[in-house]
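*Asks:* Any chance you can model this:
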Amino acid sequence: MFYLAVLLAVIAVYLAQMWLYRRHMRQGLSYTVRLSTEEAFEDEDIFYYDELVNDKLLPIPFLKVNSDLPQGLYFHFLDAAADGKEFRESHEAQVQSIFVLQPHQKISRRWRVTCKKRGVYTMGDAVLVTNDLFGMNTASFSASALPGYVESRLTVLPKPIDLNATFVAADGLSGDIVTNHGLLTDPLIRAGTREYRPGDAMRQVNWKSTAVHGHLMVNIEEHFRRFVFNIVINMQSRDIEKHPEVPSAPYEIERCISVAATLLDRASDENVPTRLILNAPYKSIRIDDPHAVSCIDLGDPVGRKIAISRSYAGRMETLDALRLLAGIPMEISVPEEQMLDHIIANPALYTEAADHSGAANLIVVSSYISERMIHFHRAMEALGVRVIYYITSANRNALVLPEDIEIYFSVGSLGERDYKR
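*Replies:* Sure, this is the predicted structure:
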């Protein structure tokens, strides 16, 4: 009878604690995340703070937290070597931690996170696994199901690249060559000096010439043109995609977005108005400003599917343009040839200078060059619009590249392995 009584007591304790933990396990339990910043550039590190709280009298004997980061973000670890003098870096997309939480206990941690890829990320969720005193009643739930859960959003902006180092002209020329085809004025290439005029930038002042002449003199810079730039981003990674709405090589599109970010950065130095045009669904672009991007709705289905941004000029507005680039989804709204045909049919809407201060240009950034793009160049040239191509790979679907077309090819391409990292 004694052993039976002990057995019944153990069963009673087991059932009581099972009922107690099932009923009150989540009560007073919270998991919150905050970030050191809401914006960062590619390849930058930020801090990820998480806090785990058990605000009740009941202890939690077992709690496993699985913290996952969205693809493109990685926990950055530095492991000390045996001698303690060297460190080994590693990046993980997920970390698992196991805790025993006492009553009214709070655990705070700080993680270093590397932003590998541009995008708009929602963070703060995690999978929590709990158990009772006997380890026989496992429960798994999301941190978003707990009271007080708050999402954290991080915008990773695309990082400009060195176009001079990564792109060469189609004719194979290299080195410092003065031409009439520069996108913007180059302060390093000077053709002489002249007297200062109101509106000239102070960075153009030639102080040696000023001292000689006794009044302000400024440098005359080569191939200076005041243009409005319209950057066309082709979301197709191939001339013929396997799926008409999804790029088959997203790493090539990421390269195109990096080039567009660089062109925006260059234009901002000269306060040149710049717009973005792309064949992606504008309603899917993740950006807070509702007026940042729209479409040219002419009552036809193609125009509704081409995204066009407002005009950006100057450093502060260029930051808004980078936010737009960060929120571009990896989707194709309309084939490239239909987008180009729509631009040819409505050139004033796509190429008109936003402030009417100069002529407009189209800079097409694509992962390939095709015969259709060459025909597009001819048609726009006949309309008086200059077209420049930046091709981010060696993919050519055009047998002959005419000499009068300004094309820049990338000497190195971002690979799929780098994209998945």
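*Asks:* can we go C-alpha only for contacts and neighbour counts from here?
*Replies:* OK.
*Asks:* Just give the number of residues close to the residue nearest to L35 when sequence neighbours are not counted.
*Replies:* In space, and not counting its chain neighbours, L35 is closest to Y48: 4.9 Å by C-alpha to C-alpha, 6 or more residues apart in numbering. Under the neighbour criterion other C-alpha atoms under 10 Å, Y48 is assigned a count of 18.
*Asks:* hey, what's Y48 bridged with?
*Replies:* Beta-bridge pairing for Y48 (DSSP bridges): L35, W111.
*Asks:* again, but for the one 5 residues further on
*Replies:* According to DSSP bridges, the residues that bridge with V53 are S30, K106.
*Asks:* A143 versus that one, what's the distance?
*Replies:* Going from V53 to A143 by C-alpha to C-alpha, to the nearest Å gives 12 Å.
*Asks:* check contacts around the residue nearest the centre of the chain.
*Replies:* Taking C-alpha atoms, centre = their mean, the centroid of the chain lies closest to R118, which sits 2.5 Å from it. Neighbour list for R118: F41, E42, G72, T155, V156, L157, P158, A326 [criterion: C-alpha atoms under 8 Å, 6 or more residues apart in numbering].
*Asks:* Is the fourth one in a helix, a strand, or coil?
*Replies:* Looking back up the chat, that one is T155. Following DSSP: H, G, I helix; E, B strand; the rest coil, the label given to T155 is strand.
*Asks:* That one contacts V120, doesn't it?
*Replies:* Yes. Assessed by C-alpha atoms under 8 Å, T155 is found in contact with V120 at 4.5 Å.
*Asks:* Now do the helices in the stretch 301-421 of the chain.
*Replies:* For the stretch 301-421 of the chain, applying DSSP state H, counting those that start in this stretch gives helices covering 314-326, 336-345, 347-351, 371-382, 416-420.
*Asks:* residues making contact with the longest one?
*Replies:* Contacts of helix 314-326 with the rest of the structure, by C-alpha under 8 Å, 6+ apart, involve 118-120, 155-158, 257, 261, 264-265, 267-273, 285-287, 292, 312.
*Asks:* quick one: average pLDDT of it?
*Replies:* For helix 314-326, the mean per-residue pLDDT is 91.
*Asks:* Then stretch 5-12?
*Replies:* Stretch 5-12 shows a mean pLDDT of 78.
*Asks:* about what we covered before: got JSON lines for the contacts of R118, with neighbour count too?
*Replies:* Shown next, in JSON lines, are those (neighbours: other C-alpha atoms under 10 Å):
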{"residue": "F41", "neighbour count": "21"}
{"residue": "E42", "neighbour count": "20"}
{"residue": "G72", "neighbour count": "18"}
{"residue": "T155", "neighbour count": "24"}
{"residue": "V156", "neighbour count": "27"}
{"residue": "L157", "neighbour count": "28"}
{"residue": "P158", "neighbour count": "27"}
{"residue": "A326", "neighbour count": "26"}
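*Asks:* okay if I get the residues you listed as a markdown table plus distance to F167?
*Replies:* Below are the contacts of R118 laid out as a markdown table (distance: C-alpha to C-alpha, whole Å):
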| residue | distance to F167 |
| --- | --- |
| F41 | 22 |
| E42 | 20 |
| G72 | 25 |
| T155 | 28 |
| V156 | 24 |
| L157 | 22 |
| P158 | 18 |
| A326 | 23 |
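*Asks:* tell me which of the residues you listed is nearest to A394?
*Replies:* For the contacts of R118, the residue nearest A394 by C-alpha to C-alpha is P158; the value is 22.2 Å.
*Asks:* so what's that closest one up against?
*Replies:* F41, E42, K117, R118, I257, S258, A261, L322, L325, A326.
*Asks:* can you tell me which of those are in strands?
*Replies:* Using DSSP state E, the subset of the contacts of P158 located in strands is F41.
*Asks:* Tell me the one of the contacts of P158 nearest V65?
*Replies:* K117 (25.0 Å).
*Asks:* which non-adjacent residue is nearest the closest one?
*Replies:* That would be G72: by C-alpha to C-alpha, 6+ apart, it lies 4.8 Å from K117.
*Asks:* ok, the one you found touching V120?
*Replies:* No. If you go by C-alpha under 8 Å, G72 and V120 don't touch, sitting 10.2 Å apart.
*Asks:* wait, doesn't G28 sit right on K56?
*Replies:* Yes. Contact criterion C-alpha under 8 Å: G28 and K56 qualify, at 5.5 Å.
*Asks:* Which helix or which strand is home to the nearest residue to R153 once chain neighbours are set aside?
*Replies:* In space, and not counting its chain neighbours, R153 is closest to T122: 4.6 Å by C-alpha to C-alpha, 6+ apart. Using DSSP states H and E, the element containing T122 is strand 119-123.
*Asks:* That strand - contacts with which helices or strands?
*Replies:* With contacts taken as 3 or more C-alpha pairs under 8 Å, 6 or more residues apart in numbering; DSSP states H and E, strand 119-123 sits against strand 152-157.
*Asks:* Rounded mean pLDDT for the helix or strand just after the strand it packs on, please.
*Replies:* Going down the chain from strand 152-157, the next helix or strand is helix 163-166, by DSSP H and E. Mean pLDDT, computed over helix 163-166, is 81.
*Asks:* What residues of helix 163-166 count as buried?
*Replies:* Buried residues in helix 163-166, counting neighbours by 16 or more other C-alpha atoms under 10 Å, are absent.
*Asks:* ok so, going back, could you single out the most deeply buried of the helices of the stretch 301-421 of the chain?
*Replies:* Stretch with highest mean neighbour count among these: helix 314-326 (a mean of 21; mean count of other C-alpha atoms under 10 Å).
*Asks:* That one versus strand 119-123: what angle between them?
*Replies:* Following axes from the mean of the first three to the mean of the last three C-alpha atoms, to 10 degrees, one obtains 70 degrees for the angle between helix 314-326 and strand 119-123.
*Asks:* Hey, what's the angle from helix 314-326 to strand 152-157? Just curious.
*Replies:* Going by the same axes, to 10 degrees, helix 314-326 makes 110 degrees with strand 152-157.
*Asks:* quick one: helix 314-326 to chain centroid distance?
*Replies:* 11 Å (C-alpha atoms, centre = their mean, to the nearest Å).
*Asks:* Export that helix to PDB, keeping only CA atoms.
*Replies:* Taking Å, rounded to 0.1, in the frame of the first residue of the first chain, the C-alpha atoms of helix 314-326 are listed here in PDB:
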ATOM      1  CA  GLY A 314      20.800  66.300 -54.200                       C
ATOM      2  CA  ARG A 315      22.200  64.300 -51.400                       C
ATOM      3  CA  MET A 316      19.100  64.200 -49.100                       C
ATOM      4  CA  GLU A 317      16.700  63.200 -51.800                       C
ATOM      5  CA  THR A 318      19.200  60.600 -53.100                       C
ATOM      6  CA  LEU A 319      18.900  58.800 -49.800                       C
ATOM      7  CA  ASP A 320      15.100  58.500 -50.500                       C
ATOM      8  CA  ALA A 321      15.900  57.100 -53.900                       C
ATOM      9  CA  LEU A 322      18.200  54.500 -52.300                       C
ATOM     10  CA  ARG A 323      15.300  53.500 -49.900                       C
ATOM     11  CA  LEU A 324      13.200  52.900 -53.000                       C
ATOM     12  CA  LEU A 325      15.900  50.700 -54.500                       C
ATOM     13  CA  ALA A 326      16.100  48.800 -51.300                       C
END
